[in-house]
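Asker: 3D, please:
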Amino acid sequence: MLVGLQFLPAIRRVRLLLKLCFAALLIVFQKSVLLHRLNGYTCLALLIVGNISGGIISRRSFGGEINAQSAYYILAIMLIFSGLMGYYQVKRDTRKHRKWMLRSVVYFSVIISARLIMLAARLIVTEIGTYYSLWRCDEVFFVLQDKDTLLQMFPQCASENPNENGLYVPVHASVHEGNLGLASAVRVVQGMTLWVATIIHMALVEIYVRITESLNFKRHGFVLEPRDFDSEAMFLRHNSNW
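Answerer: Numbering: from 1, shown residues only. Modelled structure (predicted):
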(Lines give C-alpha, C1' and ligand atoms only; values in the text may rest on other atoms or scores of the structure.)
Protein backbone atom coordinates (compact mmCIF):
# COMPACT_ATOMS: atom_id res chain seq x y z
CA MET A 1 0.00 0.00 0.00
CA LEU A 2 2.81 2.41 0.92
CA VAL A 3 4.64 1.56 -2.29
CA GLY A 4 1.52 2.42 -4.28
CA LEU A 5 1.17 5.77 -2.50
CA GLN A 6 4.74 6.67 -3.44
CA PHE A 7 3.78 6.59 -7.11
CA LEU A 8 0.72 8.86 -6.74
CA PRO A 9 2.63 12.15 -7.33
CA ALA A 10 4.27 10.73 -10.44
CA ILE A 11 0.92 9.47 -11.73
CA ARG A 12 -0.65 12.87 -11.17
CA ARG A 13 2.19 14.59 -13.03
CA VAL A 14 1.77 12.22 -15.97
CA ARG A 15 -1.98 12.86 -16.04
CA LEU A 16 -1.40 16.62 -15.96
CA LEU A 17 1.19 16.36 -18.75
CA LEU A 18 -1.21 14.37 -20.92
CA LYS A 19 -3.97 16.92 -20.33
CA LEU A 20 -1.67 19.80 -21.26
CA CYS A 21 -0.49 18.03 -24.43
CA PHE A 22 -4.06 17.26 -25.43
CA ALA A 23 -5.17 20.85 -24.78
CA ALA A 24 -2.22 22.22 -26.76
CA LEU A 25 -3.04 19.92 -29.66
CA LEU A 26 -6.66 21.08 -29.68
CA ILE A 27 -5.58 24.74 -29.67
CA VAL A 28 -3.24 24.16 -32.61
CA PHE A 29 -5.96 22.42 -34.63
CA GLN A 30 -8.50 25.13 -33.83
CA LYS A 31 -6.10 27.91 -34.85
CA SER A 32 -4.76 26.26 -38.00
CA VAL A 33 -7.25 24.90 -40.53
CA LEU A 34 -4.41 23.92 -42.87
CA LEU A 35 -2.67 21.83 -40.21
CA HIS A 36 -5.95 20.14 -39.31
CA ARG A 37 -6.59 19.23 -42.94
CA LEU A 38 -3.04 18.07 -43.62
CA ASN A 39 -3.15 15.87 -40.54
CA GLY A 40 -6.48 14.41 -41.65
CA TYR A 41 -5.36 13.76 -45.23
CA THR A 42 -2.13 12.13 -44.04
CA CYS A 43 -3.92 9.90 -41.56
CA LEU A 44 -6.50 8.87 -44.16
CA ALA A 45 -3.84 8.04 -46.75
CA LEU A 46 -1.81 6.00 -44.27
CA LEU A 47 -4.98 4.31 -43.03
CA ILE A 48 -5.88 3.12 -46.52
CA VAL A 49 -2.37 1.89 -47.28
CA GLY A 50 -2.08 0.16 -43.91
CA ASN A 51 -5.41 -1.63 -44.20
CA ILE A 52 -4.72 -2.81 -47.73
CA SER A 53 -1.35 -4.15 -46.59
CA GLY A 54 -2.97 -5.79 -43.57
CA GLY A 55 -5.57 -7.43 -45.77
CA ILE A 56 -2.83 -8.90 -47.95
CA ILE A 57 -0.86 -10.44 -45.07
CA SER A 58 -3.96 -11.63 -43.19
CA ARG A 59 -3.86 -14.77 -45.33
CA ARG A 60 -0.73 -15.77 -43.37
CA SER A 61 -1.15 -13.88 -40.10
CA PHE A 62 -1.80 -16.17 -37.10
CA GLY A 63 -2.04 -19.16 -39.41
CA GLY A 64 -4.46 -17.46 -41.79
CA GLU A 65 -7.54 -19.04 -40.22
CA ILE A 66 -10.74 -17.98 -41.94
CA ASN A 67 -12.40 -16.44 -38.86
CA ALA A 68 -9.38 -14.20 -38.31
CA GLN A 69 -9.22 -13.32 -42.02
CA SER A 70 -12.88 -12.32 -42.12
CA ALA A 71 -12.42 -10.14 -39.03
CA TYR A 72 -9.43 -8.41 -40.66
CA TYR A 73 -11.35 -7.75 -43.89
CA ILE A 74 -14.51 -6.47 -42.19
CA LEU A 75 -12.52 -4.21 -39.87
CA ALA A 76 -10.50 -2.84 -42.81
CA ILE A 77 -13.70 -2.08 -44.74
CA MET A 78 -15.23 -0.36 -41.71
CA LEU A 79 -12.12 1.75 -41.15
CA ILE A 80 -11.68 2.85 -44.74
CA PHE A 81 -15.40 3.51 -45.23
CA SER A 82 -15.73 5.63 -42.07
CA GLY A 83 -12.56 7.56 -42.96
CA LEU A 84 -13.77 8.28 -46.50
CA MET A 85 -17.21 9.29 -45.23
CA GLY A 86 -15.57 11.66 -42.77
CA TYR A 87 -13.55 13.15 -45.62
CA TYR A 88 -16.68 13.44 -47.78
CA GLN A 89 -18.52 15.38 -45.06
CA VAL A 90 -15.68 17.82 -44.26
CA LYS A 91 -17.10 20.75 -46.26
CA ARG A 92 -20.70 19.53 -46.37
CA ASP A 93 -21.68 18.91 -42.78
CA THR A 94 -19.15 19.23 -39.95
CA ARG A 95 -21.58 17.48 -37.61
CA LYS A 96 -21.59 14.33 -39.71
CA HIS A 97 -17.84 14.74 -40.18
CA ARG A 98 -17.43 14.60 -36.39
CA LYS A 99 -19.52 11.44 -36.14
CA TRP A 100 -17.66 9.59 -38.88
CA MET A 101 -14.29 10.60 -37.46
CA LEU A 102 -15.35 9.34 -34.05
CA ARG A 103 -16.32 6.03 -35.61
CA SER A 104 -13.04 5.85 -37.49
CA VAL A 105 -10.94 6.45 -34.36
CA VAL A 106 -12.94 3.93 -32.32
CA TYR A 107 -12.71 1.28 -35.04
CA PHE A 108 -8.98 1.93 -35.29
CA SER A 109 -8.57 1.13 -31.59
CA VAL A 110 -10.28 -2.26 -31.93
CA ILE A 111 -6.89 -3.95 -32.08
CA ILE A 112 -6.05 -2.62 -28.60
CA SER A 113 -9.19 -4.10 -27.04
CA ALA A 114 -8.63 -7.32 -28.99
CA ARG A 115 -5.17 -7.59 -27.47
CA LEU A 116 -6.55 -7.17 -23.95
CA ILE A 117 -9.29 -9.72 -24.59
CA MET A 118 -6.68 -12.10 -25.97
CA LEU A 119 -4.71 -11.98 -22.71
CA ALA A 120 -7.74 -13.32 -20.86
CA ALA A 121 -8.99 -15.64 -23.62
CA ARG A 122 -5.74 -17.57 -23.95
CA LEU A 123 -5.80 -18.28 -20.21
CA ILE A 124 -9.38 -19.51 -20.49
CA VAL A 125 -8.64 -21.93 -23.35
CA THR A 126 -5.60 -23.14 -21.41
CA GLU A 127 -7.77 -23.85 -18.38
CA ILE A 128 -10.30 -25.73 -20.53
CA GLY A 129 -7.45 -27.72 -22.01
CA THR A 130 -9.14 -29.21 -25.08
CA TYR A 131 -8.30 -26.62 -27.74
CA TYR A 132 -5.88 -27.22 -30.60
CA SER A 133 -4.79 -25.23 -33.62
CA LEU A 134 -3.42 -26.51 -36.92
CA TRP A 135 0.22 -25.79 -37.72
CA ARG A 136 2.39 -26.74 -40.65
CA CYS A 137 5.46 -28.76 -39.73
CA ASP A 138 7.75 -26.04 -41.03
CA GLU A 139 6.00 -23.51 -38.77
CA VAL A 140 6.48 -25.78 -35.75
CA PHE A 141 10.14 -26.23 -36.63
CA PHE A 142 10.57 -22.46 -36.93
CA VAL A 143 9.33 -22.06 -33.34
CA LEU A 144 11.16 -25.04 -31.84
CA GLN A 145 14.41 -24.55 -33.79
CA ASP A 146 15.38 -28.14 -33.01
CA LYS A 147 14.78 -31.11 -35.30
CA ASP A 148 15.03 -33.73 -32.55
CA THR A 149 12.41 -31.96 -30.44
CA LEU A 150 10.20 -31.64 -33.51
CA LEU A 151 10.38 -35.38 -34.24
CA GLN A 152 9.80 -36.24 -30.60
CA MET A 153 6.65 -34.14 -30.37
CA PHE A 154 5.40 -34.69 -33.93
CA PRO A 155 6.83 -37.88 -35.51
CA GLN A 156 4.67 -37.32 -38.59
CA CYS A 157 6.80 -34.25 -39.39
CA ALA A 158 9.81 -36.43 -40.24
CA SER A 159 11.39 -35.26 -43.50
CA GLU A 160 14.77 -34.49 -44.99
CA ASN A 161 14.15 -30.74 -44.86
CA PRO A 162 11.77 -29.68 -42.04
CA ASN A 163 11.84 -26.10 -43.36
CA GLU A 164 9.82 -27.18 -46.40
CA ASN A 165 7.37 -29.62 -44.83
CA GLY A 166 3.80 -28.44 -45.47
CA LEU A 167 2.09 -31.23 -43.51
CA TYR A 168 -0.40 -29.94 -40.91
CA VAL A 169 -0.38 -31.16 -37.31
CA PRO A 170 -2.57 -30.25 -34.30
CA VAL A 171 -0.79 -28.23 -31.61
CA HIS A 172 -2.23 -28.08 -28.11
CA ALA A 173 -3.20 -24.57 -27.01
CA SER A 174 -1.70 -23.87 -23.60
CA VAL A 175 0.30 -20.98 -22.20
CA HIS A 176 2.12 -23.47 -19.95
CA GLU A 177 3.71 -25.47 -22.78
CA GLY A 178 6.48 -23.21 -23.96
CA ASN A 179 6.51 -20.83 -26.89
CA LEU A 180 4.74 -23.30 -29.17
CA GLY A 181 1.82 -23.85 -26.79
CA LEU A 182 1.54 -20.11 -26.13
CA ALA A 183 1.54 -19.33 -29.85
CA SER A 184 -1.09 -22.01 -30.41
CA ALA A 185 -3.30 -20.50 -27.71
CA VAL A 186 -2.99 -17.08 -29.32
CA ARG A 187 -3.80 -18.54 -32.73
CA VAL A 188 -6.91 -20.26 -31.37
CA VAL A 189 -8.42 -17.09 -29.90
CA GLN A 190 -7.23 -14.51 -32.46
CA GLY A 191 -10.32 -14.47 -34.67
CA MET A 192 -12.72 -14.55 -31.74
CA THR A 193 -11.03 -11.65 -29.97
CA LEU A 194 -11.14 -9.50 -33.11
CA TRP A 195 -14.85 -10.16 -33.63
CA VAL A 196 -15.75 -9.55 -29.98
CA ALA A 197 -13.71 -6.33 -29.85
CA THR A 198 -15.23 -5.10 -33.12
CA ILE A 199 -18.79 -5.67 -31.91
CA ILE A 200 -18.07 -3.97 -28.57
CA HIS A 201 -16.53 -0.92 -30.26
CA MET A 202 -19.36 -0.66 -32.79
CA ALA A 203 -21.98 -0.68 -30.04
CA LEU A 204 -20.15 1.74 -27.75
CA VAL A 205 -19.36 4.33 -30.43
CA GLU A 206 -22.98 4.41 -31.61
CA ILE A 207 -24.16 4.83 -28.03
CA TYR A 208 -21.65 7.65 -27.52
CA VAL A 209 -22.65 9.39 -30.77
CA ARG A 210 -26.29 9.37 -29.73
CA ILE A 211 -25.62 10.44 -26.15
CA THR A 212 -23.51 13.40 -27.35
CA GLU A 213 -25.87 14.40 -30.16
CA SER A 214 -26.65 17.69 -28.41
CA LEU A 215 -22.99 18.72 -28.67
CA ASN A 216 -23.45 19.04 -32.42
CA PHE A 217 -25.80 21.95 -31.80
CA LYS A 218 -24.30 23.60 -28.71
CA ARG A 219 -20.55 23.69 -29.27
CA HIS A 220 -19.19 26.51 -31.40
CA GLY A 221 -15.81 27.33 -32.87
CA PHE A 222 -15.13 24.09 -34.75
CA VAL A 223 -12.10 24.59 -36.97
CA LEU A 224 -13.95 23.28 -40.04
CA GLU A 225 -17.22 25.04 -39.29
CA PRO A 226 -18.43 27.60 -41.89
CA ARG A 227 -18.03 31.19 -40.70
CA ASP A 228 -21.66 32.01 -41.57
CA PHE A 229 -23.01 28.99 -39.66
CA ASP A 230 -26.33 29.73 -37.92
CA SER A 231 -26.60 27.38 -34.95
CA GLU A 232 -30.21 28.37 -34.16
CA ALA A 233 -31.41 27.68 -37.70
CA MET A 234 -29.53 24.40 -37.74
CA PHE A 235 -31.02 23.35 -34.43
CA LEU A 236 -34.57 24.24 -35.53
CA ARG A 237 -34.14 22.35 -38.80
CA HIS A 238 -32.86 19.33 -36.89
CA ASN A 239 -35.88 19.34 -34.57
CA SER A 240 -38.30 19.73 -37.49
CA ASN A 241 -36.97 16.51 -39.02
CA TRP A 242 -38.17 14.60 -36.00
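Asker: the closest residue to residue 157 other than its chain neighbours - how many residues pack around it?
Answerer: Leaving aside its chain neighbours, residue 157 sits nearest to residue 137 (3.7 Å; criterion: CB to CB, 6 or more residues apart in numbering). For the C-beta atoms, the positions are set from N, CA and C on the backbone; glycine is no exception. For residue 137, the count of nearby residues is 21 (other CB atoms under 10 Å).
Asker: with the one 10 residues further on instead?
Answerer: Counted with other CB under 10 Å, residues neighbouring residue 147 total 14.
Asker: for it, what are its contacts?
Answerer: 141, 162 (CB atoms under 8 Å, 6 or more residues apart in numbering).
Asker: what about 6 Å?
Answerer: residue 162 (CB atoms under 6 Å, 6 or more residues apart in numbering).
Asker: can you show me the strands along the protein?
Answerer: Counting by DSSP state E, the chain has strands at residues 132-136, 168-172.
Asker: for these, give me CSV that also has distance to residue 144 and mean pLDDT.
Answerer: Listed next are the strands of the chain as CSV, based on distance: least, CB to CB, whole Å; pLDDT from 0 to 100:
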stretch, distance to residue 144, mean pLDDT
strand 132-136, 11, 90
strand 168-172, 11, 91
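Asker: for residue 85, see how far away the residue nearest the centre of the chain is.
Answerer: Geometric centre of the chain, nearest residue: residue 111, 2.4 Å, by CA atoms, centre = their mean. According to CB to CB, to the nearest Å, residue 111 and residue 85 sit 21 Å apart.
Asker: repeat that for residue 184.
Answerer: 39 Å.
Asker: try residue 54
Answerer: Distance of residue 54 to residue 85, computed by CB to CB: 20 Å.
Asker: what do you get for residue 71?
Answerer: Distance from residue 71 to residue 85, by CB to CB: 21 Å.
Asker: more crowded one of those two?
Answerer: More neighbours surround residue 71 than the other of residue 71 and residue 85, with 23 against 16 (other CB under 10 Å).
Asker: identify the residues contacting the more buried one.
Answerer: With contact set as CB under 6 Å, 6+ apart, residue 71 has these partners: 191, 194-195.
Asker: that one and residue 142, how far apart?
Answerer: 24 Å.
Asker: likewise residue 102?
Answerer: Distance from residue 102 to residue 142, by CB to CB: 41 Å.
Asker: those two - which one has more neighbours?
Answerer: residue 102 (17 against 14).
Asker: what's the pLDDT at that one?
Answerer: On pLDDT, residue 102 comes in at 88.
Asker: now for the longest helix along the chain, which elements pack on it?
Answerer: In the chain, assigned by DSSP state H, the helix with the most residues is helix 178-211. Here helix 178-211 touches helix 66-88, helix 94-108, helix 110-128, strand 132-136, going by 3 or more CB pairs under 6 Å, 6 or more residues apart in numbering; DSSP states H and E.
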